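**Student:** Turn this into a model:
(2 chains)
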Amino acid sequence: MKRRSLFAASLSLSLAMMVGGTAHAQNANTKVLRFVPHANLTVLDPIWTTAYVTRNHAYMIYDTLFTEDAKGQIKPQMVDSYQISKDEKTWTFKLRSGLEFHDGMPVTSTDVVASLKRWASRDAMGGILATFITDYETPDANTFKIILNQPCGIVLDAFGKASSNVPFIMPARIAATPGTEQIKEHIGSGPFVFKADEFKPGALVVYTKNTKYKSRPEAPSAMAGGRPVNFDRVEWVIIRDTQTQFNALKAGEVDIIEQPSFEQMDALKKTEGVRVENYAPAGMQFIMRFNHLHAPFNNPKIRQAAMVAMGQQAYINTQVGVPELGRLCRSMFPCGTTYADEDTGYFTGVANPAKAKQMLQEAGYDGTPVTLMRPTDLASIAKLPLVAQQQLQAAGFKVDFQQMDWATLLARRAKKDAPAQGGWNIFLTAWTAGDITNPLSMAMLNAKGQNGWFGWQDEPRLEYLKGRFARTTEAAEKKKIATEIQRVAFETSTHAPLGQYISPAAVRTNVSGMLITPGVPVLWNMKKN
Amino acid sequence: MLQFLLRRIVAVLPVLFVVSLVVFLILRLAPGDPAAVIAGNSATNEDIAKIQVQLGLDRPIPIQYGIWMANVFQGDLGFSYYLNKPVTELIAQRVEPTLSLAFGTVILAILIAVPLGTLAAWRLGGWLDRLLSGFSVAGFSVPVFVIGYLLIYLFAIRLEWLPVQGYKSLSGPSAAGPWAWMRQLILPWMTLAMIYVALIARVTRASVSEALTEDYIRTARAKGITESAVLLRHALANAAVPIVTVVGIGIALLIGGVVVTETVYAIPGLGSLTVDAVLNRDFPVIQGLVLLFSVSYVLINLLVDLSYLVLDPRIRY
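**Tutor:** I've put the predicted structure just below:
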């Protein structure tokens, strides 16, 4: 009897401890968010690389001067107020007081200027802005000025751009590193602190709550407003295999998958305890880029014929495969964004092989093979070239289909040699909407010839219009110029937009508060029950 | 014996030199440029050229090789282009998961396969032998990822006994304790052990069955020794050399990286480090890993050779 009582007492105690332990564990669990990023985080410097995963990491730990709100408008973030002089050539910015880096040092105007200079040395839009800036001044620790050589309409757009490269603010001693070298310390003033000692490349990235973060008083709105943090700790769990990501989410081992595969969408929707959330409605855009240096695409008429051969629906069906996630959009600027315009002339986005064939004949196409590159290891775009091959062949192009890994493709697309000597004619890729909403940030509109973006289009009209766009301060005038830029871009066939798509996240149902953004998965404002 | 050891160790040096040279040349001459990968989608040729200079990739290949070799002699394998961390540190972070996976798998496989193979050899053609043959065919032919997903579905999703993925460290500041470590590895061990059980059991069966036909076995039985002693002390002991050889090769292969298993279970081992480095053209990491793999292959072979001395007293070096 005694033994039985002892056994019962032990059992009760064990159960009580287990229950207590479970409650404690559950409470601790709600304070930790586990997030599976779309790629392995390898580079930690958001200026040195444009990789989206690095940009997303940077948003965790750094802050920016300005950023975009839910309406796509640029709003102050670290900046408290700013003034523009009457001649519009001097901009004076006041920082919010009390901003502090994770190492306890205050954020000063010197840090801001050093960070902006480093950013401008690498970012295309930052580089354009730098051509307007004659001087930076730091009258006091909380104030900085930029002196321009002429009025400029892109100061706020550039400082507030949400996608790579973002002008993140770092301590001046770190920002003194040349833009072509990686920084070695990762100290920001953002809502989370990067735990360098817990960083296990390829496995785990750990952030803790920045308890000293001075959130803005406004309600969160996309990237702008307050950045309330409801977790003590955020872990980025690197899981490469999409099936394992799915299993881990289902088992509750992780809370969010940033980019589950399209093939899993149906299963995710049917899985108990999981929901699919579209946090980036502007999504991404597939594009096809021509090499303007070599035959046959050094002939604008042949480029136009290739554009007419392209049908967006086939790209969406093949690469995305989930009808509700794809969208036909003829505009080069993503539909749903400020400068989008579907008045695209001859480019309809619907494949017309018969017309393309006729245009090809009229252009005098001599059967020169088109070297089309396919990255076999990049699942997110690997199917696109298969569609391009079919559509080009249907229009009468002779296609030299070259398959390679992404790293080889990146190296080959930088080669200006003729296709037969190791160069190329066409590659396809995808851009997040945030990178191509503006004519100055859209790489394909870089028409500086040999010094331009891969494909090396030489089109002075585009560069002239971009210059006007940069100088214009009126929104309506900017829209007009952007429309004209797109008209010239289609006329000269810079590239073909091949459809827009969204890539929703998969989230556990006990997690809420995911903000709608221009493509950046931000982890502030989120809660876990 | 000492002379043998010295001879083998000295013989490693030219092997390492040739391997390092060949790998260095293959990497530099193969298509793909780390600077282009780093520069990203919106870069220009000028950006790529600047990064090439910063990484030292603009220098002639013989000079690049000379610098790398000089650093290797000082114990410096260089820095990862991407992570900006010493290659030795990156490899050190991945060694524990890989060794845990490799040795756990091999121990599990030995514990299952050697008794199974011995019993199957003892009763050749019996039900156990036939079962083992069937299992071996399945173990060899079913892809590892299929086994992995099935085990995950059963033990992690349906029964919720074990975690789906991840690795918990056994040592260092983030050590989670032996039980947590083991829980994470049970499914990967089971997954990989399927192949190695099939392999080792087949070799054990063949070796033991051959040993059982020898005259000394008949003599032992004639002397009235128990069947278990015949099997363990005479047959299995004499069949040990090929079994140990296969186990040695198994360990070497497992250390070289089991990418699929690491991927399915999200284990940050040397295999996934190798794949990432190759895909990104992270030359210093690839070169460091190749050196490590070469050294470990040579060392494991050496240990296997030395084990022959213990297992078969007739062998002398």
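
**Student:** can you list the weak-confidence ranges in the chain?
**Tutor:** Picking chain A for this. For chain A, the stretches flagged by pLDDT under 70 are A:1-28.

**Student:** That was the other one, I meant chain B.
**Tutor:** B:257, B:317.

**Student:** now the lengthiest helix in it, how far from the centre of its chain.
**Tutor:** The residue-count maximum for a helix in chain B (DSSP state H) belongs to helix B:87-122. With Cα atoms, centre = their mean, to the nearest Å as the basis, helix B:87-122 stands 8 Å off its chain's centre.

**Student:** near chain A, anything from that helix?
**Tutor:** Yes - remark: helix B:87-122 sits within contact range of chain A at B:90, B:93-94, by Cβ under 8 Å from any Cβ of the partner chain. Glycine gets a C-beta too; all of them are placed from N, C-alpha and C.

**Student:** Can you tell me which of the residues you listed comes closest to residue B:295?
**Tutor:** In terms of Cβ to Cβ, no member of the residues of helix B:87-122 next to chain A lies closer to residue B:295 than residue B:94, at 15.3 Å.

**Student:** circling back to that earlier point, which helices and strands does the longest helix of chain B pack with?
**Tutor:** helix B:127-141, helix B:178-211, helix B:240-255, helix B:259-264, helix B:270-280, helix B:283-311 (3 or more Cβ pairs under 8 Å, 6 or more residues apart in numbering or on different chains; DSSP states H and E).

**Student:** Export those helices as TSV, with columns for mean neighbour count.
**Tutor:** Formatted as TSV, the helices and strands packed on helix B:87-122 follow (neighbours: other Cβ atoms under 10 Å in any protein chain shown):
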stretch	mean neighbour count
helix B:127-141	15
helix B:178-211	21
helix B:240-255	19
helix B:259-264	23
helix B:270-280	22
helix B:283-311	18
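
**Student:** For residue A:466, find the nearest of the ones you listed.
**Tutor:** Per Cβ to Cβ, nearest to residue A:466 of the helices and strands packed on helix B:87-122: helix B:270-280, 32.7 Å.

**Student:** ok, then the element right after the helix or strand residue A:390 falls within?
**Tutor:** For residue A:390, the host element (DSSP states H and E) is helix A:384-394. Proceeding N to C from helix A:384-394, the next assigned helix or strand is strand A:399-404, under DSSP H and E.

**Student:** From the structure, what's the count of residues near the nearest residue to residue A:133 once chain neighbours are set aside?
**Tutor:** Once flanking residues are discounted, residue A:133 sits nearest to residue A:146: 5.4 Å by Cβ to Cβ, 6 or more residues apart in numbering or on different chains. By other Cβ atoms under 10 Å in any protein chain shown, 22 other residues sit near residue A:146.

**Student:** same question, residue A:142
**Tutor:** With other Cβ under 10 Å as criterion, residue A:142 counts 19.

**Student:** I'd like the distance between the residue nearest to residue A:518 when sequence neighbours are not counted and chain B.
**Tutor:** Closest residue to residue A:518 apart from its sequence neighbours, by Cβ to Cβ, 6+ apart: residue A:434 at 4.1 Å. Using Cβ to the nearest Cβ, to the nearest Å, one obtains 12 Å as the distance from residue A:434 to chain B.

**Student:** Go ahead and confirm residue A:434 touches residue A:163.
**Tutor:** Yes - using Cβ atoms under 8 Å, residue A:434 is in contact with residue A:163, at 3.4 Å.

**Student:** quick one: common contacting residues for these two?
**Tutor:** Both residue A:434 and residue A:163 are in contact with A:518-520, where contact means Cβ atoms under 8 Å, 6 or more residues apart in numbering or on different chains.

**Student:** How about the contacts made by the residue most central in space within chain B?
**Tutor:** Per Cα atoms, centre = their mean, the C-alpha nearest to the average position across chain B is that of residue B:254, at 1.7 Å. Listed by Cβ under 8 Å, 6+ apart, the contact set of residue B:254 reads B:98, B:101-102, B:105-106, B:192.

**Student:** quick one, phi psi at residue A:526?
**Tutor:** phi -80, psi 150 (degrees, to the nearest 10).

**Student:** check contacts around the residue in the stretch 1-150 of chain A positioned nearest to chain B.
**Tutor:** When scored by Cβ to the nearest Cβ, the stretch 1-150 of chain A has residue A:50 as its residue closest to chain B, at 3.3 Å. Contact analysis of residue A:50 by Cβ under 8 Å, 6+ apart lists A:164-165, B:39-43.

**Student:** Sort out which of these are in helices and list them.
**Tutor:** Using DSSP H, those in helices are residue B:39.

**Student:** about what we covered before: now do the residue of the stretch 1-150 of chain A closest to chain B against residue B:252, distance only.
**Tutor:** 40 Å (Cβ to Cβ, to the nearest Å).

**Student:** what does stretch A:98-105 rub up against?
**Tutor:** A:61, A:63, A:78, A:106-107, A:111, A:171, A:187-189, A:193-194, A:210, A:212, A:214.

**Student:** can you list the residues of the stretch 151-300 of chain B near chain A?
**Tutor:** Going by Cβ under 8 Å from any Cβ, the residues of the stretch 151-300 of chain B near chain A are B:152-153, B:156-157, B:160, B:163-167, B:173-174, B:263-266, B:268, B:272-273, B:276, B:279-281.
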